[in-house]
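Novice: my questions are about this predicted structure, shown below with the sequence.
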Amino acid sequence: MMNGKSLLSLFAGLLLAVSSGAVLAQDCTPVEEKDKKCQGLKHYPVVTINAETKEMAPEFVCAAPGSIIEFRVVPPGKTDTGSVDVKAKDESNAWLIGANYPDKKKIEVRVPMWVKDKTIHRYNIFFADGSCVDPRVRVDH
């Protein structure tokens with residue numbers, strides 16, 4: 001059984017871990033906004049993530065409600081399982097979370113039907129070395 005001090009220490013440790021995660025999310029390299037247009041086929045959105053160069057294409061993808069955003073992780077054979085994570089910047093967008101696990105070559109995220117039209121959602125892509133970038137997705141009905 002845990003006594004009060006152990007429980008307090010555990011809570012403080014968890015709070016510190018959560019706080020650290022929030023700081024990491026804000027320190028991600030923002031993707032430069034070249035224009036306000038999203039790219040790709042909204043009914044079959046695909047983002048290619050290069051785990052070595054930390055680049056992706058497109059950086060601002062279009063997606064329709066009900067579609068599955070496929071994040072393709074490259075280069076093949078040089079990326080470990082679980083080495084790339086996608087995480088929504090806004091906690092209310094819990095649907096925008098995934099990892100290249102169990103398939104090290106891709107991450108799939110389904111866009112819910114209830115997501116509002118013409119909304120832009122920011123997310124972070126975290127890499128195994130701790131670096132991250134801050135791209136976005138626009139949901140169009």
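Specialist: Structure's in. What do you need?

Novice: list the contacts for residue 101?
Specialist: Contacts for residue 101 (C-beta atoms under 8 Å, 6 or more residues apart in numbering) come out as 81-82. Heads up, the C-betas are built off the backbone N, CA and C, glycines and all.

Novice: which pLDDT value does the model give it?
Specialist: Looking at residue 101, its pLDDT stands at 96.

Novice: ok, it to residue 131 distance?
Specialist: Remark: distance between residue 101 and residue 131 (C-beta to C-beta, to the nearest Å) = 19 Å.

Novice: can you check residue 49 too?
Specialist: Residue 49 is 12 Å from residue 131, where distance means C-beta to C-beta.

Novice: between the two, which one's more packed in?
Specialist: Neighbour totals were compared for residue 49 and residue 131, and residue 49 leads with 23 against 13 (other C-beta atoms under 10 Å).

Novice: which SSE is that one in?
Specialist: strand 46-50 (DSSP states H and E).

Novice: strands paired with that strand, and their directions?
Specialist: strand 55-57 (antiparallel), strand 68-74 (parallel) (DSSP bridges).

Novice: show me what the closest residue in space to residue 46 that isn't next to it in sequence is bridged to.
Specialist: Among residues not flanking residue 46 along the chain, residue 70 sits closest, at 4.9 Å (C-beta to C-beta, 6 or more residues apart in numbering). Under DSSP bridges, the beta-bridge partners of residue 70 are residue 46, residue 108.

Novice: fine by me, thanks again.
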